[in-house]
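[1] Predicted model, plus sequence, below.
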Amino acid sequence: MQQIKEFLNVIDFIVGTWWGITFIDILPIILSGGFTENLLSSASSFMNFLVVVAGLIYLILRIIHFARMSKLNIEYKRQEIIEKQNANFYRKFTGEFIEPFKEEK
């Protein structure tokens with residue numbers, strides 16, 4: 001299972017790198033204002049533009065997913081801390097108050 005996760009991370013890194021390079025290639029064209037003349041004139045540049053749009057959508061979804069998972073992990077850790085504090089309190093309470101009475105009898 002760990003190998004599959006690592007493989008998907010490598011694929012994600014490769015696709016992200018490809019998207020970044022394509023974005024860097026297209027960014028000067030977009031900033032210069034030659035959007036319709038240069039990007040939509042050939043099939044290759046149009047496909048590059050679609051890759052950039054798809055990568056941008058993927059990046060936004062990835063950030064949203066990361067934020068949600070971070071909130072869940074923080075809440076899970078908070079619940080674990082509360083659970084451990086409660087367990088330690090009951091163990092300490094039992095050791096200090098209940099067990100000495102058992103020894104006296």
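    Structure's in. What do you need?
[2] Which of the helices or strands spans the residue nearest in space to the middle of the chain?
    Most central in the chain under Cα atoms, centre = their mean is F66, positioned 2.9 Å from the mean C-alpha point. According to DSSP states H and E, F66 maps onto helix 43-93.
[3] for that helix, packing partners?
    helix 2-32 (3 or more Cβ pairs under 8 Å, 6 or more residues apart in numbering; DSSP states H and E). From N, CA and C alone the C-beta is placed, and that goes for glycine too.
[4] shaky segments in this structure?
    35, 90-105 (pLDDT under 70).
[5] ok, now how distant is S41 from F7?
    Per Cβ to Cβ, to the nearest Å, S41 is found 38 Å from F7.
[6] correction: I60
    Taking Cβ to Cβ, one finds I60 at 24 Å from F7.
[7] show me the contacts for L56.
    Under the criterion of Cβ atoms under 8 Å, 6 or more residues apart in numbering, the neighbours of L56 are F23.
[8] Let's see that with 7 Å instead.
    The contact partners of L56, by Cβ atoms under 7 Å, 6 or more residues apart in numbering, come to none.
[9] Buried residues in stretch 25-42, which are they?
    Of the residues in stretch 25-42, I26, I29, N38, L39 count as buried by neighbour count, 16 or more other Cβ atoms under 10 Å.
[10] Kindly provide the distance from the residue nearest to the centre of the chain to T17.
    Counting by Cβ to Cβ, the gap from F66 to T17 is 18 Å.
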